[in-house]
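Undergrad: just coords:
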């Protein structure tokens, strides 16, 4: 793998968005040899490589918890910790948002507001173990406080003039 990557990086790259073969030459060649989905080994751990969208959807849904999350180790664990990236709260919150969107099929949705609510939902679940709706009043007050603060940050305060 290292030799393939070193060899691919030694050549100049064409101006193209097709960079997969350059960054992951081993996976690129294995896809040609073994097909769209295959099993590979990283030391003693098996890794399933999938490229078909239906399999990806099934794995990401993970309703039956058949696909455990990858354990982070070493520097990656120190960098990410048990943060939102590795948290199931984010998945639950996104699923709730998508269910809400299904009720508005064919209608316009205020995406900024939806993602603000999603962020609040994820924060509520990870920090407080509750949903956004339970702490909605607190988040609304924090939003108002943020607006007031941002308005006053740029006001010049002189001792004599207001």
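TA: Yes, it's here. Only a predicted model underlies this, so the values are computations on that prediction, with no experimental measurement involved. Residues are numbered from 1 along each chain as shown.
Undergrad: which SSE is residue 90 in?
TA: Residue 90 belongs to helix 88-102 when assigned by DSSP states H and E.
Undergrad: run through the neighbouring helices and strands of that helix.
TA: helix 111-123 (3 or more C-beta pairs under 8 Å, 6 or more residues apart in numbering; DSSP states H and E). Bear in mind the C-beta positions are built from the backbone N, C-alpha and C, glycine included.
Undergrad: now the helix holding residue 90: how far from the chain's centre is it?
TA: The chain centre lies 13 Å from the centre of helix 88-102; the measure is C-alpha atoms, centre = their mean, to the nearest Å.
Undergrad: what angle do helix 111-123 and it make with each other?
TA: 150 degrees (axes from the mean of the first three to the mean of the last three C-alpha atoms, to 10 degrees).
Undergrad: and helix 88-102, what's buried?
TA: Using 16 or more other C-beta atoms under 10 Å as the burial criterion, the residues of helix 88-102 that qualify are 89-90, 93, 96.
Undergrad: what helices and strands are in contact with the helix ranked longest in the chain?
TA: Counting by DSSP state H, the longest helix found in the chain is helix 136-153. Other elements packing on helix 136-153 under the criterion 3+ C-beta pairs under 8 Å, 6+ apart are absent; no helix or strand qualifies.
Undergrad: same thing but at 10 Å, please
TA: Counting contacts by 3 or more C-beta pairs under 10 Å, 6 or more residues apart in numbering; DSSP states H and E, helix 136-153 is packed against helix 111-123.
Undergrad: what comes up buried for the helix it packs on?
TA: 117-118, 120-123.
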